[in-house]
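# Attaching a predicted model along with its sequence, questions to come.
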Amino acid sequence: MHVARTRQELARATCYVRQSHPSLVLVPTMGALHAGHVSLVAHAREIGGGVIASIFVNPTQFSDSGDFNRYPRDEAGDLALLAQAGCDAVWLPQVTDMYDDANATAVDVAGPALGWEGDARPGHFRGVATVVAKLFGQVRPDIACFGEKDWQQLQVIRRVERDLALNVRIAGVPTLRESDGLALSSRNRFLTQAERRAAPLLYATMLAAARDIKAAAAVDDRLGAARHTLAASGFAVDYLALVDGETMSGVSQAGPGTRLIAAARLGSVRLLDNVAADESGTTQPKLTLDDQAARQSRHRSGSG
């Protein structure tokens, strides 16, 4: 696995990977990697291209400098995990590679960036859109993989790619979960034991609400009841809403492509999650760590 720490090393690494693969797939990360990130690399490998991951804790998407400083970092562990996952190269830029003193350009997004996380974290999507555009310019991938756990972020990136004609196919990868339903996140490590036991209630409550809404329950009443359930169990709910899955606009009934989205704080940890809420009568199947292990085993044996 090639490790690039300068622009020159990145150019050599991408050239080497492209020599032996028909396409280049980028997996952008902020490090503190876990099995969910491995699932992104696994998806990238299944697409069939050469895989390059990036590790960069982007300061411009944090509105709180304390949150930026607390964000977990483990470069040695991250590199070992990426090598084990079969990554071909890793890009480890410095802040100066992204933002020099003369930097005068940023990407402002409206549309799907408005509301929800856009309201809760002012400037967040401006930072995300800008750094992703820079990564696309530096790596020049054909495809980029992003997790569906951060659903609004995924829609923002898709909009940026379309509006700026960046010619990168954006692949959404299903959320990987613990066996009890908790979505994997780098921040889960900060949950206390009691909070960790309570955390899966967010996903369970969302699934129950989605089923009821699809069965024609009144959306406002059902979401209000779900918020009450979570608050009674110690969650501070920022939002729990039914939205159009592409535009992120609030909607009053489930239909094709609608999504139930939530952000709730449990202790010091802010949990994000989402589930499909269309009229098909089913929610998206849960992809767990056991499923991921089986998937990796099939890949190593050449049977899948």
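Perfect, I can see it now. Residues are numbered from 1 along each chain as shown.
# isn't there a helix covering residue 128?
Yes: when classified by DSSP: H, G, I helix; E, B strand; the rest coil, residue 128 is found to be part of a helix.
# Tell me how many other residues crowd it.
By other CB atoms under 10 Å, 25 other residues sit near residue 128. Yep, even glycine has a C-beta here, placed from its N, CA and C like the rest.
# for it, what are its contacts?
58, 61, 153, 156-157 (CB atoms under 8 Å, 6 or more residues apart in numbering).
# One more pass at 6 Å, please.
61, 153 (CB atoms under 6 Å, 6 or more residues apart in numbering).
# quick one: the strands in the stretch 101-250 of the chain?
For the stretch 101-250 of the chain, applying DSSP state E, counting those that start in this stretch gives strands covering 143-147, 169-173, 176-177, 236-244.
# Present the ones you listed as CSV; the columns should include mean pLDDT.
Listed next are the strands of the stretch 101-250 of the chain as CSV, based on pLDDT from 0 to 100:
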stretch, mean pLDDT
strand 143-147, 97
strand 169-173, 97
strand 176-177, 96
strand 236-244, 98
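# TSV for these, including distance to residue 112?
Putting those into TSV (distance: least, CB to CB, whole Å) gives the following:
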stretch	distance to residue 112
strand 143-147	13
strand 169-173	13
strand 176-177	23
strand 236-244	9
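# Redo the ones you listed as TSV? Include mean neighbour count.
Output for the strands of the stretch 101-250 of the chain, formatted as TSV (neighbours: other CB atoms under 10 Å):
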stretch	mean neighbour count
strand 143-147	22
strand 169-173	17
strand 176-177	23
strand 236-244	19
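# And these: which comes nearest residue 5?
Closest to residue 5 of the strands of the stretch 101-250 of the chain is strand 143-147 (CB to CB; 20.9 Å).
# What strands flank the closest one, and is each parallel or antiparallel?
With DSSP bridges as the test, strand 143-147 is paired with strand 24-29 (parallel), strand 169-173 (parallel).
# what's next to it, contact-wise?
25-27, 40, 43-44, 154, 168-171, 173.
# cool, and stretch 228-238?
In contact with stretch 228-238 (CB under 6 Å, 6+ apart) are residues 120, 198, 201, 205, 227, 263-266.
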